[in-house]
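>>> Sequence and predicted structure below; questions after.
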Amino acid sequence: MATLDVRLKKVNKVYKEGDVVAGVVIIQSKGDLAHQGVTLLMEGSVNLQLSAKSVGVFEAFYNSLKPILLLHYTLEVAKPGKFPNGKTEIPFEVPLKAKSNKSLYETYHGVFVNIQYQIKVDMKRSLLNKDLNKQLEFIVEYKETEDRAKPKPINFTITPETLTNLKEKEKVPKFKARGKIDSSLLCITKPLTGEIVLESCETGVKSIEIQLVRVETCGCAEGFAKDATEIQNIQIADGDIMRGLPIPIFMIFPRLFTCPTLTTSNFKVEFEVNVVIIFQDDHLVTENFPIKLTRY
């Protein structure tokens, strides 16, 4: 039996552009292990796909939805030969540098946009033996900049009259909620904070929730497909809450499922926050606030 593994020196696997990605390829075998060479591939790419509702409408997109290659390095780790009995460790170092005319974006796991960086190691073997391979994802984050996220507070009031996306306003009970989001420009490592106060409501309230939404846009010159999907939903109030009581808003941005707001010629990744009030008859109202995420 033989096994192939790859490990990085950095335990957290987080790198910035210009860093050296260093680690070891580990081969373990019982007895001598003949092979046809070991290669290491370091690759970063953006994978785009269309939602089901966009597929028929935008057939022209299929050509523009090929993966966008951000970096691509191939390294010969070992020439064809034999590994001895036991454990063999082969160190490697690869510079984290984008291909010419490309930029490295932060790692992001979305629904229609995925930005991933991987190391793949392959050991070729003779026809009768199965090739061995192993892959490992590492994380890319932006370098620290001088520009810090300066707070851009949002004060809001929600009443039936302020709701723009409501068709049957007469079915919504009379109510008034006010509050604030401390900033619409946010550092991704710090929480979204604020408060909401339900000043009055002629009916009972079931729940108040804060919803984080990703808005992913894929496209080309022929047009764009834009899709909003929920990342997470946090309940901040349960039941028919006391009127006039400030309720704190506090939301941490989940790692990998969010990234700094990103706009390119082929795709965009943006974020929004919804304040959702659900009444006891299960009617709900939503107020939407676009936010911008940065790394610092």
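That came through, no problem. Here the structure is a predicted model, which is why all the values come from computation and not from measurement.
>>> count of neighbours near Gly86?
Each residue near Gly86 was counted by other CB atoms under 10 Å, and the total is 11. For the C-beta atoms, the positions are set from N, CA and C on the backbone; glycine is no exception.
>>> Can you point out the buried residues in stretch 34-53?
Within stretch 34-53, the residues that qualify as buried are His35, Val38, Thr39, Leu40, Met42, Glu43, Gly44, Ser45, Val46, Leu48, Gln49, Leu50, counting by 16 or more other CB atoms under 10 Å.
>>> Narrow the residues you listed to those in strands?
His35, Val38, Thr39, Leu40, Met42, Glu43, Gly44, Ser45, Val46, Leu48 (DSSP state E).
>>> least trustworthy helix or strand in the protein by mean pLDDT?
The weakest-scoring helix or strand in the chain, judged by mean pLDDT, DSSP states H and E, is helix 61-64 (a mean of 54).
>>> bridging residues for Val273?
Beta-bridge partners of Val273, counted by DSSP bridges, are Leu212, Phe289.
>>> Can you read off the pLDDT for it?
Note for Val273: predicted pLDDT of 98.
>>> doesn't Arg214 make contact with it?
No: in this structure, Val273 is not within contact of Arg214 by CB atoms under 8 Å, at 11.2 Å.
>>> ok, of the buried residues of stretch 34-53, which one's closest to Thr203?
Leu50 (41.1 Å; CB to CB).
>>> Tell me if I'm right that that closest one and Phe112 touch.
Yes: Leu50 is within contact range of Phe112, at 6.9 Å (criterion: CB under 8 Å).
>>> joint contacts of the two?
Both Leu50 and Phe112 are contacted by Cys218, Ala225, under the criterion CB atoms under 8 Å, 6 or more residues apart in numbering.
>>> check contacts around Thr159.
Residues counted as contacts of Thr159 (CB under 8 Å, 6+ apart) are Lys174, Phe175, Lys176, Ala177.
>>> out of the residues you listed, which are buried?
Of the contacts of Thr159, these count as buried by 16+ other CB under 10 Å: Phe175, Lys176, Ala177.
>>> mind putting the residues you listed in a markdown table, pLDDT, secondary structure and distance to Ser126 included?
Below are those laid out as a markdown table (pLDDT from 0 to 100; DSSP: H, G, I helix; E, B strand; the rest coil; distance: CB to CB, whole Å):
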| residue | pLDDT | secondary structure | distance to Ser126 |
| --- | --- | --- | --- |
| Phe175 | 95 | strand | 74 |
| Lys176 | 96 | strand | 76 |
| Ala177 | 97 | strand | 71 |
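>>> Domain map for this structure?
With domains defined by automatic domain parsing, the chain comprises 2-140, 154-294.
>>> can you list these in JSON lines and add distance to Arg148?
Converted to JSON lines, those look like this (distance: least, CB to CB, whole Å):
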{"stretch": "domain 2-140", "distance to Arg148": "17"}
{"stretch": "domain 154-294", "distance to Arg148": "8"}
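>>> continuing past the least confident helix or strand of the chain, what's the next helix or strand?
The element immediately downstream of helix 61-64 (helix or strand, assigned by DSSP states H and E) is strand 68-78.
>>> buried sites along that next one?
In strand 68-78, counting by 16+ other CB under 10 Å, buried: Ile68, Leu70, Leu71, Tyr73, Val77, Ala78.
>>> Please verify my assumption that the third one contacts Gly44.
In other words, Leu71. Yes: counting by CB under 8 Å, Gly44 is a contact partner of Leu71 at 4.2 Å.
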